[in-house]
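[1] Next comes the sequence, and after it the predicted model I'd like to discuss.
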Amino acid sequence: MRPALSFARGLWYYVGAFFMSRIAATLIVLGLYALHQDVWFWNDATPLVFGVLPIGLFYHVAYAIVTSVVMAVLVKTCWPSHLDPETEASVRELARTEQVVGAARERVERSAGAKPPGS
């Protein structure tokens, strides 16, 4: 793994764990809910952002991006681990199942090349 990628992942988990306690997560979600009610851009379409995009539409694009990032951080840091099927035990069980299936597949392939009994 490249050092920059490793550092970014470590920083992601550190920042998420630090800022995403239940209280902080609740306050951030409530803040995003309050910001979604953008009454300040309802009656005015000016100024135009980039010369073509009304300010209200630009606000909602920016809001959607910020909300997506916050939801990604919430899922990464606040997701209950008991609901996640990718636990260590299930990974070990999956590996065992794959070994059994692989062995059975090898037996079938070997027997396909053998002569049938009684011929």
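    Ah, there it is.

[2] who's in contact with the nearest residue to His60 once chain neighbours are set aside?
    Closest residue to His60 apart from its sequence neighbours, by CB to CB, 6 or more residues apart in numbering: Asp38 at 7.6 Å. Any C-beta I mention is one placed from the backbone N, CA and C, and that applies to glycine too. Neighbour list for Asp38: Gly56, Tyr59, His60, Tyr63 [criterion: CB atoms under 8 Å, 6 or more residues apart in numbering].

[3] Around the first one, how many other residues sit close by?
    Around Gly56 sit 16 other residues, with neighbours defined as other CB atoms under 10 Å.

[4] so how far is Ala64 from the closest residue to it other than its chain neighbours?
    Of all residues not flanking Gly56 in the chain, Phe41 sits nearest, at 3.9 Å (CB to CB, 6+ apart). Distance, Phe41 to Ala64, using CB to CB, to the nearest Å: 15 Å.

[5] can you check Val39 too?
    For Val39 relative to Ala64 (CB to CB), the value is 18 Å.

[6] Output the below-cut-off pLDDT ranges for this protein.
    For the chain, the stretches flagged by pLDDT under 70 are 1-20, 81-91, 94, 113-119.

[7] mind listing the helices for it?
    For the chain, applying DSSP state H gives helices covering 3-19, 22-36, 55-78, 88-113.

[8] which one of these is the most hemmed in?
    helix 55-78 (a mean of 14; mean count of other CB atoms under 10 Å).

[9] what angle separates that helix from helix 22-36?
    170 degrees (axes from the mean of the first three to the mean of the last three CA atoms, to 10 degrees).

[10] just checking, what packs against helix 55-78?
    Contacts defined by 3 or more CB pairs under 8 Å, 6 or more residues apart in numbering; DSSP states H and E place helix 55-78 against helix 3-19, helix 22-36, strand 48-49.

[11] partners of the shortest one, with directions?
    The partner list of strand 48-49 in its sheet, established with DSSP bridges, is strand 53-54 (antiparallel).

[12] hang on, the earlier thing: dump the residue contacts of the residue nearest to Gly56.
    Phe41 is in contact with Ile55, Gly56, Tyr59, counting by CB under 8 Å, 6+ apart.
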